[in-house]
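[1] Here's a sequence, model it:
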Amino acid sequence: MNKEQIIEILERILKKNKIIPKAFARKLQLNFAQHNIINMHGAPKVGKSVFAKLTAQQFTSALIIDYNDIRNKPHLEYIEKNIFSFMAYHKINFLALDHVSPLHIQKSNILQELEKYNIPTLIISKEPISNIYQQQLHGIDFEEYMSFTPRNNHLQHLFNNFLLDGTLPEIAFTEEYKKDIRKQEIIKSAQHSTAPIITFALKFMGHALSIHHLYTQLKKQYTISKDSVYHFIQLYQRESLIYLMPKLNHNHAAKKLYFWDFSLFNAISYERNFIALFENIIFLELIKNDSQIYYSESCDFIISHTHYYIGIIAAPFLSTQSISKRINKTQTETFTLKHIYILTLGYTQETHPYPTPHTIMPFWEFALGDREW
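    Numbers count the residues shown, from 1 in each chain. The predicted structure is shown next:
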């Protein structure tokens, strides 16, 4: 393919970039003043490509190249060779490379060329790319979900809708009868494996388990090796599809399993486990702050700080007596909690100082509030 044909392809891509998608307002901020090249990574369908298009609107001339577009794939080597002269001619002042793999960055010299060209560049991938400043885009949280819904709706009503839709932005724009089928398609495309590891693992959401235990259960139904299970679990962790939360001060204890979207299990099963779903919602709310998160015998979540801990208890249906028992149980721990938040589906109580300072509040108030640990 000659240079004129590549320039024609880039012209078509540039023209297509001007289409503005329907989207949620996102809270992630990209600081190109401090980092000229940013690797934005995150799980599939959390809105990375749309975020790149919205970011491009902030610049006078932007170019977005999708490495996953089958029209581009055969020509990527030639596109990368000609892209810089093309950008200079069109005075491009923002570049986004979408669906890029870490392996491609390692094999090509595109990163070195980008460093020379020196314009704001967003490299988008599922898993983090080393040697580039990284920022993770999570699925939408409750506050972001609210940005697309009528403001006159009651918070609890909005939260009930959020429970059904989950964290993947496109689901909120999908017709109701198609939502579960679309979620099933997303799960299937994310698995990479012939054995449905993610689909199988979803029933363990919120459970403390080892990868070995998952393997022993999986091999009862599917032909798969232990090495394959470990390989894919590690891949899913890098791609932020699953999270394994450790137990505080117990490095070898079983880890609690959570997923990038809390609503996925309900899309593949008629069984319901609202406690696990509620825990997964809380977990996704907490990881946005890049905190170190654990669990313990008394608390569903422990936020670790240098000199203190914050405890969180998921209590969607617990009575006041049961909540009191959970709070009292924290006194048996070997560590001291600075504060405990008990998150409910409506019940609220002002901060009480005894036996440990604690606040009982609905999840939506916790999610929308300004928290200073």
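
[2] Where does the prediction get shaky in the stretch 151-300 of the chain?
    For the stretch 151-300 of the chain, residues meeting the criterion pLDDT under 70 lie at 151-152.

[3] Would you map the strands across it?
    Counting by DSSP state E, counting those that start in this stretch, the stretch 151-300 of the chain has strands at residues 208-209, 242-245, 255-259, 292-294.

[4] Same list, these, but as JSON lines with mean neighbour count please.
    For the C-beta atoms, the positions are set from N, CA and C on the backbone; glycine is no exception. JSON lines is the format used below for those (neighbours: other CB atoms under 10 Å):
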{"stretch": "strand 208-209", "mean neighbour count": "16"}
{"stretch": "strand 242-245", "mean neighbour count": "19"}
{"stretch": "strand 255-259", "mean neighbour count": "23"}
{"stretch": "strand 292-294", "mean neighbour count": "17"}
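
[5] can you redo those strands as TSV with distance to residue 166?
    Output for the strands of the stretch 151-300 of the chain, formatted as TSV (distance: least, CB to CB, whole Å):
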stretch	distance to residue 166
strand 208-209	22
strand 242-245	15
strand 255-259	10
strand 292-294	20
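
[6] of those strands, which approaches residue 172 most closely?
    For the strands of the stretch 151-300 of the chain, the distance to residue 172 is smallest for strand 255-259, at 18.0 Å, taking CB to CB.

[7] Strand partners (parallel or antiparallel) of that closest one?
    If you go by DSSP bridges, strand 255-259 pairs up with strand 208-209 (antiparallel), strand 242-245 (antiparallel).

[8] Turn these into a markdown table, columns for distance to residue 336.
    Output for those, formatted as a markdown table (distance: least, CB to CB, whole Å):
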| stretch | distance to residue 336 |
| --- | --- |
| strand 208-209 | 23 |
| strand 242-245 | 21 |
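
[9] Which of the ones you listed sits closest to residue 145?
    strand 242-245 (20.1 Å).

[10] what's the closest non-adjacent residue to residue 168?
    Nearest residue to residue 168, sequence neighbours excluded (CB to CB, 6 or more residues apart in numbering): residue 45, at 4.7 Å.

[11] Regarding that neighbour, what is its secondary structure?
    Here residue 45 is recorded as coil under DSSP: H, G, I helix; E, B strand; the rest coil.

[12] pLDDT at it, what is it?
    The model reports residue 45 with a pLDDT of 96.

[13] one step back: with residue 144 as the reference, name the closest of the strands of the stretch 151-300 of the chain.
    strand 255-259 (18.1 Å).

[14] Distance from the chain centre to the closest one, please.
    Here strand 255-259 shows a centroid-to-chain-centroid distance of 13 Å under the convention CA atoms, centre = their mean, to the nearest Å.

[15] same question, stretch 222-238
    In this view, stretch 222-238 has its centroid 20 Å away from the chain centroid, taken as CA atoms, centre = their mean.

[16] what's near enough to touch residue 39?
    By CB atoms under 8 Å, 6 or more residues apart in numbering, the contact set of residue 39 is 123, 124, 125, 128, 129, 132, 133, 134, 135.

[17] Let me fix that, I meant to ask about residue 66.
    Here residue 66 is in contact with 49, 72, 98, 99 (criterion: CB under 8 Å, 6+ apart).

[18] same thing with residue 211?
    229, 230, 233.

[19] Residue 155 too?
    Contacts of residue 155 (CB under 8 Å, 6+ apart): 362, 364, 365, 368.

[20] just the buried members of the contacts of residue 211?
    Buried residues within the contacts of residue 211, counting neighbours by 16 or more other CB atoms under 10 Å: 229, 233.

[21] Switch the contacts of residue 211 over to JSON lines; also include distance to residue 18.
    Below are the contacts of residue 211 laid out as JSON lines (distance: CB to CB, whole Å):
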{"residue": "229", "distance to residue 18": "45"}
{"residue": "230", "distance to residue 18": "45"}
{"residue": "233", "distance to residue 18": "41"}
